[in-house]
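Asks: Below are the sequence and a predicted model for it; my questions follow.
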Amino acid sequence: MSENREINVSLEKLRGEIDKIDEEILELLNKRANIAIDIANIKKKTNLKFYSPERERIILERITKLNKGPFPNDALRVIFREIMSASLSLEEPLKVAYLGPEGTFTNLAAMRHFGSSAKYIPVDSIKAVFDETESGRVNYGVVPIENSNEGVVSYTLDMFMDYDLKISAEILLEVSHNLLSKSGEREKVKRIYSHPQATAQCRIWLEANMPNIPILESTSTARAAEIASQDEEAAAIASELAARIYDLQFVERHIEDNRNNYTRFLIISRDYPSKSSKDKTSILFSVKDRPGALYDVLLPFRKSKINLTKIESRPSKRRAWEYIFFVDMEGHIEDKKVRKAVEDVKEICLYLKHLGSYPVDEGIEKK
Ligand SMILES: C=C(O[C@@H]1C=C(C(=O)O)C=C[C@H]1O)C(=O)O
């Protein structure tokens, strides 16, 4: 009995300490928010955008480096993203268009980056995300660009040829698929719906665990979840977010064949961010159709010792057999050597467009 009382007393004491700390955190959050409002006012006067992805990267990096634990860095990142998201919404919530419907992986990526205080607008195609952003109806757009197993989303690359939009940031999302249904009972599943990309990423698991169950195509993983929410015999391969939105149970979690399954998303906007602590630069260019043309164009990067992280080519669609190249490199266009190399390349190719220099996202740390 007395031992119980002792436990209660020390519990109460510790909870009292936590309450005091929470009050301090609250006070500091509001102090921080007031400073963010002052910054917003200065930016407004000087016509600067309130949202600065480069500054956000610097903040997250600084905080996680300072952290000595036991509080985990992944959680710190989520919390600080939410703090910055809420600071931005004090000014005016950011409007963000994404490839919908609600519950897609693009939705998840957008929320991971902009936090829960932004206003999200689902649209039904990648082109519509570009249209909304170009017209200024939204501040930012989020589109998928490549998957580590399935390759590049060529439709998104093509859009950069037609629109004068820039890349503001990237989001690297670890994509995990789940089999979802209303009951969560495997025996009740008579058909499975999903987007072909998601189905392809779970092929081995499906063959081993769901043989003879027909797999039907849907326009997105979120749409598959919606169908499953209306049909007791249907299951969907979709995200955890879709499970929450459509009130579905997990038949099985993590059914992707390759646990190293990442999708990279781009945030598009009408302006360029400035330099952060670690950036990459994306350009697109076309070259004359002659032997050695691509080799010549790549030489300035070698000369300036710039590390190219990606090169993709797409038919230009303007003239048969004319190709457009997309190149990602380390560094920011404000770095002297990057600027010099890009200028040199511009001189030898037919056409070159700087798509953006933006903070690198290394993704959430692996545990
Ligand atoms: C406050 C600023 O503006 C915005 C809000 C931030 C924050 O809450 O820390 C960080 C970057 C910007 O998106 C700033 O530029 O410092």
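Replies: Sure thing, it's come through. Owing to the predicted nature of the structure, the values given are computational and were not obtained by experimental measurement.
Asks: Close to the ligand: what parts of this structure are there?
Replies: Contact residues (CB under 6 Å from any ligand atom) of the chain with the ligand: 36, 39, 50-52, 55-56, 59, 84, 87-88. (Each C-beta comes from the backbone N, C-alpha and C, glycine too.)
Asks: which of those residues has the weakest pLDDT?
Replies: Among the residues of the chain next to the ligand, F50 carries the lowest pLDDT, at 86.
Asks: Regarding that one, what are the backbone dihedral angles?
Replies: phi -70, psi -40 (degrees, to the nearest 10).
Asks: any chance you could map the helices in the stretch 251-367 of the chain?
Replies: 293-303, 336-348 (DSSP state H, counting those that start in this stretch).
Asks: okay, those in TSV with distance to I18 next?
Replies: Output for the helices of the stretch 251-367 of the chain, formatted as TSV (distance: least, CB to CB, whole Å):
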stretch	distance to I18
helix 293-303	54
helix 336-348	48
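Asks: lowest-confidence stretch among these?
Replies: helix 293-303 (a mean of 91).
Asks: And that one, what's buried?
Replies: 293, 297-298, 300-301 (16 or more other CB atoms under 10 Å).
Asks: Tell me which two in the residues of the chain next to the ligand are the farthest apart.
Replies: The largest separation in the residues of the chain next to the ligand, counting by CB to CB, is between F50 and I59 at 14.5 Å.
Asks: re the thing from before, could the residues of the chain next to the ligand go into CSV alongside secondary structure and neighbour count?
Replies: Formatted as CSV, those follow (DSSP: H, G, I helix; E, B strand; the rest coil; neighbours: other CB atoms under 10 Å):
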residue, secondary structure, neighbour count
A36, helix, 18
I39, helix, 16
F50, coil, 19
Y51, coil, 24
S52, coil, 20
R55, helix, 15
E56, helix, 21
I59, helix, 16
M84, helix, 21
S87, helix, 22
L88, helix, 22
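Asks: quick one: which helix or strand includes A33?
Replies: Assigned by DSSP states H and E, A33 belongs to helix 2-45.
Asks: by contact count, what packs against that helix?
Replies: Packing contacts for helix 2-45, counted by 3 or more CB pairs under 8 Å, 6 or more residues apart in numbering; DSSP states H and E, involve helix 73-91.
Asks: Tell me how far the helix it packs on lies from the chain's centre.
Replies: Here the centre of helix 73-91 is set off from its chain's centre by 15 Å, with CA atoms, centre = their mean, to the nearest Å.
Asks: Can you mark which positions in that helix are buried?
Replies: Result for helix 73-91 [16+ other CB under 10 Å]: buried residues 76-77, 80-81, 83-89, 91.
Asks: what does stretch 179-189 give?
Replies: So for stretch 179-189, counting by 16+ other CB under 10 Å, buried means 179-182, 184, 189.
Asks: same thing with stretch 42-53?
Replies: Applying 16+ other CB under 10 Å to stretch 42-53 flags 50-53 as buried.
Asks: Quick one: residues contacting the residue nearest the centre of the chain.
Replies: Taking CA atoms, centre = their mean, the centroid of the chain lies closest to I171, which sits 2.8 Å from it. Shown in contact with I171 (CB atoms under 8 Å, 6 or more residues apart in numbering): 109-110, 112-113, 142, 264-267, 361.
Asks: And those residues, which is closest to D164?
Replies: Of those, the one sitting nearest to D164 (CB to CB) turns out to be L266, at 15.0 Å.
Asks: mind listing what that closest one touches?
Replies: Taking CB under 8 Å, 6+ apart, one finds 142-143, 145, 156, 167, 169-171 in contact with L266.
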